[in-house]
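S.K.: Sequence first, then the predicted structure:
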Number of protein chains: 2
Amino acid sequence: MAVYTEVTDDALDAFLEQYDVGRPLSCKGIAEGVENSNYLVTTETGPLILTLYERRVQPGDLPFFLGLMDHLAGRGIPCPTPIRGRDGRSLRDLAGRPAALIEFLPGMWPRRITPHHCDRLGTALARLHEAGLDFTMTRPNSLGPADWRPLFERCADHADDVHPGLAAELDAALADLEAGFPKDLPTGVIHADLFPDNVFFLRDEISGLIDFYFACTDVLAYDLAVCLNAWCFETRGEFNVTKAKRLLDGYRAARPLDAAEMAALPVLAQGAAMRFLLTRLYDWVNTPEGALVKPKDPLEYLHKLRFLRGVDGPAALGLA
Amino acid sequence: MAVYTEVTDDALDAFLEQYDVGRPLSCKGIAEGVENSNYLVTTETGPLILTLYERRVQPGDLPFFLGLMDHLAGRGIPCPTPIRGRDGRSLRDLAGRPAALIEFLPGMWPRRITPHHCDRLGTALARLHEAGLDFTMTRPNSLGPADWRPLFERCADHADDVHPGLAAELDAALADLEAGFPKDLPTGVIHADLFPDNVFFLRDEISGLIDFYFACTDVLAYDLAVCLNAWCFETRGEFNVTKAKRLLDGYRAARPLDAAEMAALPVLAQGAAMRFLLTRLYDWVNTPEGALVKPKDPLEYLHKLRFLRGVDGPAALGLA
């Protein structure tokens, strides 16, 4: 649920006049993405997505995000192409925000994840990684291992209010990650946030990968670890090894993983769990009462982190 | 902003299979209407609106609302036609709620109201009234004059917290309305909530009248009074007589008003201001902290009520 910035009909008309997309027929705020304002705009030429970038997105990062989508779409990855105006630019201002008009992709994100979804996701992720190899821009991961402890310290005082003993538990898990997080794994462009609501399916195939606003240059296998956490745990917390195996097999069908990447998957997944646990914890303790967007439960990721810290190798995750 | 009930992809597939609309290509929650959950669904045959009726709508009223939309659309009023399933029904269950699939109407509601908008609105409202005359179902106005005092009494204790002296001021205004509210004016089907966000324009013409979920059988000129309040006051509270005159002239171009209706307009507008003031006040004092939908400011309508109580005839509103 996320429409923060209202766009007037006059402002929309003036904005769209800078593109060859025809005149607007409708404009509806949609509940998609939690960081930005998104509108589904239909024009005489068809549907489009209009995104206004809100305060969480650094304007300086937008050329990377839009350039990456353009690059990947050009290589056949089903991600939305930013539309260029007659001036050649895909980024301009609307209602006081940076804004872009983006291709509308059909499909729906899966509410009930099946092993088949995980297989298709794995292959799509590997193809995204391969297609990103010759993308020339880079962006450091602003939520990478070096950022976790500072983020923890900004909410540590309130952690025990969320769950008794949480501060000490996170402190210990962070120390372990700082000592044992893998270095020297293959890097490239990663999506870094490929949760189910960012993956559209049409019938049984992937029709869209969206929301590239955490994309960055980082360890490729870390992206797979993010997906293991987001796609392979059941609602009640059980880890589904069938889904994990299908995700991994789907990935390896398009990009092989070397021995070091395979061995690192459990600790990469611990790191990914820490990253989402910390950002959810931060949002949880910093969201004012009455906020429009309800923060996500950080404890979901505490349970995942605990499970992953008890795992002694990829085989325990069904990954071999 | 209003998506309260989540629809899964499986449930949507099963729901749409009961219609001849093709298979779903996308489904996005939209910020439209504050009472129900609305999705913009695109299928192989085009865009549609899927509405799930939430707790504020009485299920027993839905045949009236959907039947009315069907009736009016059949007479050329630009309101959305409910789509019938293969079983002939336009109302069924989805995700535990009554739900209907409704025609998608193009257009955007005007954020900046011009006198021209008021003129087109007036004519559309009069045509709606004329087209409703042979609609055979009836529904009492559940927010009519007889309902105002009971509604007031349910929030009177908190009124002075919202504005000092508000309880006494409303009590006096209600007594005046109870003594002087007109009877025996022409009645018929009214929309009863035709605010700007329920009226779509495409270019300079009305392309859609939506949200018939307060529609009822009541005094026709009261509907015009609701529009006077909602369309003819400026943001800072000034009454714009040019807009009022255009609204009235637009209305009379399609349906004449008799002398009693003309004379009653100021007190009907007071009544309409009272109705929206009371429901907003009720929502204001009853909305829990942290609610997803922010209640509308009741004081906007207090200022309108005060202005209208100082008016001594239609001429003072520019209406003659």
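M.R.: Looks like it arrived, so ask away. Numbering: from 1, shown residues only, chains lettered A, B, ... in the order given.

S.K.: quick one: low-confidence ranges for chain A?
M.R.: Applying pLDDT under 70 to chain A flags residues A:1-3, A:33-34, A:288-294.

S.K.: Contact residues of it facing chain B?
M.R.: Selection of chain A residues close to chain B by CB under 8 Å from any CB of the partner chain yields A:1, A:3, A:6, A:8-10, A:12, A:24-32, A:40, A:42, A:47, A:104, A:106-112, A:200-202, A:289-292, A:294. The C-beta positions use only the backbone N, C-alpha and C, and glycine is treated the same way.

S.K.: What subset of those is buried?
M.R.: Among the residues of chain A next to chain B, those buried by neighbour count (16 or more other CB atoms under 10 Å in any protein chain shown) are A:1, A:3, A:9, A:12, A:24-32, A:40, A:42, A:47, A:104, A:106-110, A:200-202, A:292.

S.K.: and A:Glu6, what does it touch?
M.R.: Going by CB atoms under 8 Å, 6 or more residues apart in numbering or on different chains, A:Glu6 touches A:95, B:111.

S.K.: what's the answer for A:Pro295, then?
M.R.: Counting by CB under 8 Å, 6+ apart, A:Pro295 has contacts A:280, A:283-284, A:287.

S.K.: what do you get for A:Ala254?
M.R.: Going by CB under 8 Å, 6+ apart, A:Ala254 touches A:122-123, A:126-127, A:130.

S.K.: could you redo the last one with a cut-off of 7 Å?
M.R.: A:123, A:126-127, A:130 (CB atoms under 7 Å, 6 or more residues apart in numbering or on different chains).

S.K.: Which residue is the nearest non-sequential neighbour of it?
M.R.: Of all residues not flanking A:Ala254 in the chain, A:Ala126 sits nearest, at 3.6 Å (CB to CB, 6 or more residues apart in numbering or on different chains).

S.K.: now the strands for chain A?
M.R.: Remark: strands assigned in chain A by DSSP state E are A:24-29, A:37-43, A:46-52, A:92-94, A:97-103, A:187-190, A:199-202, A:205-209, A:216-219.

S.K.: Would you state the helices of chain A in chain order?
M.R.: Applying DSSP state H to chain A gives helices spanning A:9-16, A:62-74, A:115-132, A:145-162, A:166-180, A:220-231, A:241-254, A:259-286, A:299-309.

S.K.: what's the third one in contact with?
M.R.: Contacts of helix A:115-132 with the rest of the structure, by CB under 7 Å, 6+ apart, involve A:72, A:75, A:77, A:110, A:188-189, A:191, A:194, A:199, A:201, A:204-206, A:209, A:220, A:223-224, A:227, A:231-232, A:242-243, A:246-251, A:253-255.

S.K.: Report the buried members of the contacts of A:Ala254.
M.R.: Among the contacts of A:Ala254, those classed as buried by 16+ other CB under 10 Å are A:123, A:126-127.

S.K.: can you list these in TSV and add distance to B:Ala100?
M.R.: Formatted as TSV, the buried ones among the contacts of A:Ala254 follow (distance: CB to CB, whole Å):
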residue	distance to B:Ala100
A:Thr123	39
A:Ala126	43
A:Arg127	40
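
S.K.: Tell me the one among those nearest to A:Gly271.
M.R.: For the buried ones among the contacts of A:Ala254, the residue nearest A:Gly271 by CB to CB is A:Ala126; the value is 19.8 Å.

S.K.: ok, A:Gly60 - how many residues close by?
M.R.: The number of residues packed near A:Gly60 is 8, by other CB atoms under 10 Å in any protein chain shown.

S.K.: How much space separates the residue nearest to the spatial centre of chain A from chain B?
M.R.: In chain A, the centroid-proximal residue (CA atoms, centre = their mean) is A:Asp193; its distance is 1.8 Å. In this view, A:Asp193 and chain B are 19 Å apart by CB to the nearest CB, to the nearest Å.

S.K.: phi, psi of that residue?
M.R.: As for A:Asp193, its main-chain torsions (degrees, to the nearest 10) stand at phi -150, psi 40.

S.K.: That one: what's it in contact with?
M.R.: Neighbouring residues of A:Asp193 by CB under 7 Å, 6+ apart: A:211, A:214.

S.K.: Give me the distance between it and B:Ala244.
M.R.: Separation of A:Asp193 from B:Ala244 (CB to CB, to the nearest Å) stands at 51 Å.

S.K.: wait, which of the strands of chain A is closest to B:Glu17?
M.R.: Of all the strands of chain A, it is strand A:199-202 that lies closest to B:Glu17, at 16.3 Å by CB to CB.

S.K.: So chain A: which segments form each domain?
M.R.: Residue ranges for the domains of chain A, per automatic domain parsing: A:9-103, A:115-317.

S.K.: and the nearest residue to A:Leu257 once chain neighbours are set aside, how many neighbours?
M.R.: Excluding the flanking residues, the one nearest A:Leu257 by CB to CB, 6+ apart is A:Ala221, at 6.5 Å. Residues within reach of A:Ala221, counting by other CB under 10 Å, total 25.

S.K.: thinking A:Ala221 is in contact with A:Leu185, fair?
M.R.: Yes: here A:Ala221 reaches A:Leu185: they are 5.8 Å apart, a contact under CB atoms under 7 Å.

S.K.: Could you tell me which residues touch both of the two?
M.R.: Common neighbours of A:Ala221 and A:Leu185 (criterion: CB under 7 Å, 6+ apart): A:261, A:264.

S.K.: Could you give the number of residues near A:Ala264?
M.R.: Neighbours of A:Ala264 using other CB under 10 Å come to 24.

S.K.: Now do the contacts for it.
M.R.: For A:Ala264, the contact set (CB under 7 Å, 6+ apart) comprises A:182, A:185, A:221.

S.K.: related to what we said a few turns ago, what's the closest of the contacts of A:Ala254 to chain B?
M.R.: Within the contacts of A:Ala254, the smallest distance to chain B is 20.1 Å, found for A:Thr123 (CB to the nearest CB).

S.K.: Spatially nearest residue to A:Thr217 (excluding sequence neighbours)?
M.R.: The spatially closest residue to A:Thr217, leaving aside those adjacent along the chain, is A:Thr138, at 4.3 Å (CB to CB, 6+ apart).

S.K.: Now that neighbour, what are its backbone angles?
M.R.: Main-chain torsions, A:Thr138, degrees, to the nearest 10: phi -130, psi 160.

S.K.: now swap in A:Gly318 and tell me
M.R.: Per-residue torsions, A:Gly318: phi 80, psi 10 (degrees, to the nearest 10).

S.K.: next one: A:Asp312
M.R.: Dihedral pair for A:Asp312: phi -100, psi 10, per degrees, to the nearest 10.

S.K.: distance of it from A:Glu238?
M.R.: Distance from A:Asp312 to A:Glu238, counting by CB to CB: 18 Å.

S.K.: Who has more neighbours out of these two?
M.R.: Each of A:Asp312 and A:Glu238 has its neighbours counted (other CB under 10 Å); A:Glu238 has more, 10 against 7.

S.K.: In contact with the more buried one, which residues?
M.R.: Listed by CB under 7 Å, 6+ apart, A:Glu238 has no contact partners.

S.K.: one more time with 10 Å, if that's ok
M.R.: Neighbour list for A:Glu238: A:232, A:307 [criterion: CB atoms under 10 Å, 6 or more residues apart in numbering or on different chains].
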